[in-house]
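Undergrad: build the 3D model from these lines:
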Amino acid sequence: MAKAIHTMVRVLDEGKSVDFYNKAFGLGIQDRFEFDGFTLVYLKNPENDFEVELTVNHDATEAYSHGSGYGHLAVSVEDVDAEHARMSGAGIEPTPVKEFHREGALMAKFFFVADPDGYKIEVLQRHGRYT
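TA: Here you go, the predicted structure:
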């Protein structure tokens with residue numbers, strides 16, 4: 001059976017990206033590998049094994065195009081309102097908290113943030129299928 005282990009995003013500024021993912025989600029550097037032309041930085045927190053891999057292409061100077069295929073990465077939290085307030089206080093600028101209801105019941109309570117390269121991250125209340 002396959003196990004999801006990481007997602008990768010290309011970033012322009014390693015320092016800004018590492019700082020954002022640490023402030024927003026408590027992710028820290030687990031490994032960092034420098035190669036000719038690029039660097040791979042693996043971020044995670046103690047809560048799980050899934051990692052965010054930052055790929056820094058040394059010669060990149062222009063923002064990456066996300067195209068029409070990229071949607072978002074999602075994380076779940078215990079208290080979405082508290083996380084929204086914490087991120088707002090840290091200058092991260094989350095979107096307003098929204099709720100989806102289905103058949104009269106709460107399906108999802110969430111907001112989005114964007115990392116320094118514009119990748120969207122959905123922050124969901126742990127509830128139902130999003131635990």
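
Undergrad: heading C-terminal from the top helix by length along the chain, find the next helix or strand.
TA: Counting by DSSP state H, the longest helix found in the chain is helix 14-25. Counting by DSSP states H and E, the next helix or strand C-terminal to helix 14-25 is strand 28-35.

Undergrad: partners of that next one in the sheet?
TA: With DSSP bridges as the test, strand 28-35 is paired with strand 38-44 (antiparallel).

Undergrad: can you map out the helices along the protein?
TA: 14-25, 80-89.

Undergrad: apart from its neighbours in sequence, what residue is nearest residue 49?
TA: residue 5 (7.0 Å; C-beta to C-beta, 6 or more residues apart in numbering). Every C-beta, even on glycine, is put in place using the N, C-alpha and C of the backbone.

Undergrad: residue contacts, the one you found?
TA: Residue 5 sits next to 49-51 when contact means C-beta atoms under 8 Å, 6 or more residues apart in numbering.

Undergrad: also residue 52?
TA: 6-9, 21, 27, 42-44, 73.

Undergrad: and which of these is nearest residue 67?
TA: Of all these, the one with the least separation from residue 67 (C-beta to C-beta) is residue 9, at 12.8 Å.

Undergrad: so the closest one is in contact with residue 119, correct?
TA: Yes: using C-beta atoms under 8 Å, residue 9 is in contact with residue 119, at 5.2 Å.

Undergrad: the biggest strand by length in the chain versus helix 80-89: what angle between them?
TA: Criterion DSSP state E: the longest strand present in the chain is strand 105-114. Interaxial angle, strand 105-114 versus helix 80-89 (axes from the mean of the first three to the mean of the last three C-alpha atoms, to 10 degrees): 10 degrees.
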